[in-house]
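K.L.:
just the structure for this:
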Amino acid sequence: MFINAVSKTTPDTPYLSIVIPAYNEAESLPILLEQIQAVLKTHAYHRAEVIIINDGSTDRTIEILDVLSEIQTHQFTMHAIHFKRNQGKAEALMAGFAAATGNIVITMDADLQDDPSEIPKLLEKLNTGNYYVVSGWKYPRKDPLEKRVFSFFFNRITAFFTGVKLHDMNCGFKVYRAEVIKELHFYGDLHRYIPILAHQAGYKVGEVKVKHHPRRFGVSKYGFKRIPKGFFDLFTVLFLTKYLKRPLHVFGTIGVIVAFIGILIGLYLAVLWVLEGGVGFRPLLMLSVLMIILGIQFFSIGLLGELVIGLISRLERRVMEKKTSENTPSASKGTPQT
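P.N.:
Numbers count the residues shown, from 1 in each chain. Presented below is the predicted three-dimensional model:
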């Protein structure tokens with residue numbers, strides 16, 4: 001990654017690309033687009049494009065987008081990307097990022113809970129603090145109590161394990177410099193951890209409070225079934241960002257702990273054998289053996305992972321050395337003839 005990389009610009013390059021995933025938000029889209037246009041007109045930004053990704057909607061979203069796509073001005077253009085079936089927010093965002101051409105990329109939800117009037121505040125934070133990613137903090141949040149309680153604990157746990165101190169990790173209202181989105185790749189539900197992925201890649205991440213509105217149309221796409229998925233994704237992100245090149249630190253630690261517990265149980269049974277006689281009938285004996293075997297297996301998986309990482313690193317180093325030698329002119333070529 002090159003921190004000082006500068007996006008190539010032309011007179012036709014948009015300043016802003018606003019990426020909006022939409023799933024069954026036909027009632028909200030016309031209002032949202034009108035609000036965005038008002039903000040762009042008020043602050044006179046140099047050209048902006050809005051990219052709406054229809055994530056396999058089953059309502060009138062396609063018809064609405066066909067009408068809205070006719071709205072084109074010298075300052076504002078609107079594009080639509082249609083998925084044949086619902087593929088999830090991460091895939092929608094990746095498609096929007098691939099299509100974005102602006103120097104600054106903004107993401108927001110289509111349900112009117114994010115307020116476009118907060119775009120200048122996000123951009124000001126991005127430009128004044130030398131940030132590469134600025135995430136919104138919905139404050140005060142206008143969601144049901146149970147959703148706010150879960151989000152509070154989830155954000156605290158995520159901040160504790162990742163070191164990225166954001167109050168609202170899952171807020172979809174964010175701004176990025178273009179070079180960030182071109183480097184990041186995510187899948188599944190990892191979109192909620194984009195700030196962590198960006199931070200791990202070396203980009204400075206910030207946060208700013210933004211207005212939040214109650215949902216006006218439709219129903220929320222997030223239920224309690226996403227709670228376990230969120231923690232599984234957190235484990236995935238931790239592994240990808242902290243232990244991808246150190247698998248033994250994860251599997252080895254788990255293996256040592258499991259095997260140690262198995263050994264303790266075995267020592268306890270050994271004492272009972274000395275004091276009371278046979279222990280072959282005790283279920284703890286099978287548990288002890290099982291835990292020791294599992295611990296060895298976990299440790300072996302981590303060791304194999306380290307071997308694979310070592311081979312890959314060695315191969316990458318050889319490729320880099322070969323490229324360097326090919327790009328470095330020999331001394332004889334530059335020596336003047338006498």
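K.L.:
strands of the protein, residue ranges please.
P.N.:
16-22, 48-55, 76-83, 104-107, 133-138, 174-177, 205-210 (DSSP state E).
K.L.:
where among those strands is the average confidence lowest?
P.N.:
Among those, strand 76-83 has the lowest mean pLDDT, at a mean of 90.
K.L.:
in that one, what's buried?
P.N.:
76, 78-81, 83 (16 or more other Cβ atoms under 10 Å). All C-beta atoms are positioned from the backbone trio N, CA, C, and that covers glycine.
K.L.:
re the thing from before, dump the strands of the chain to TSV, plus distance to Glu146.
P.N.:
Below are the strands of the chain laid out as TSV (distance: least, Cβ to Cβ, whole Å):
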stretch	distance to Glu146
strand 16-22	24
strand 48-55	25
strand 76-83	30
strand 104-107	25
strand 133-138	16
strand 174-177	24
strand 205-210	22
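K.L.:
report the contact partners of Leu287.
P.N.:
262, 265 (Cβ atoms under 8 Å, 6 or more residues apart in numbering).
K.L.:
how close does it get to Gly295?
P.N.:
According to Cβ to Cβ, to the nearest Å, Leu287 stands 12 Å off from Gly295.
K.L.:
any buried residues in stretch 122-140, and which?
P.N.:
Buried, per 16+ other Cβ under 10 Å, within stretch 122-140: 122-123, 125-126, 131-138.
K.L.:
sorry, wrong one. I was asking about stretch 35-48.
P.N.:
35-37, 39-40, 45, 47-48.
K.L.:
mind picking the two most distant members of the residues you listed?
P.N.:
Greatest spatial distance in the buried residues of stretch 35-48: Gln35 and Arg47, 18.2 Å, computed using Cβ to Cβ.
K.L.:
contacts for stretch 57-70?
P.N.:
Here stretch 57-70 has contacts from 22-26, 29-30, 33, 52, 54, 78-80, 82, 86, using Cβ under 8 Å, 6+ apart.
K.L.:
contacting residues for the closest residue in space to Leu184 that isn't next to it in sequence?
P.N.:
Among residues not flanking Leu184 along the chain, Leu197 sits closest, at 5.4 Å (Cβ to Cβ, 6 or more residues apart in numbering). Leu197 makes contacts with 184, 186, 190, 237, 240-241, as judged by Cβ under 8 Å, 6+ apart.
K.L.:
and what of Glu207?
P.N.:
134-137, 166-168.
K.L.:
what's the closest non-adjacent residue to Gly117?
P.N.:
Careful, residue 117 is Ser; it's not Gly. Nearest non-adjacent residue to Ser117 (Cβ to Cβ, 6+ apart): Val39, at 5.8 Å.
K.L.:
please apply the same query to Arg192.
P.N.:
That would be Asn170: by Cβ to Cβ, 6+ apart, it lies 4.5 Å from Arg192.
K.L.:
if we can go back for a sec, and the contacts of Leu197 as a markdown table, adding neighbour count?
P.N.:
Below are the contacts of Leu197 laid out as a markdown table (neighbours: other Cβ atoms under 10 Å):
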| residue | neighbour count |
| --- | --- |
| Leu184 | 20 |
| Phe186 | 20 |
| Leu190 | 18 |
| Val237 | 21 |
| Leu240 | 15 |
| Thr241 | 17 |
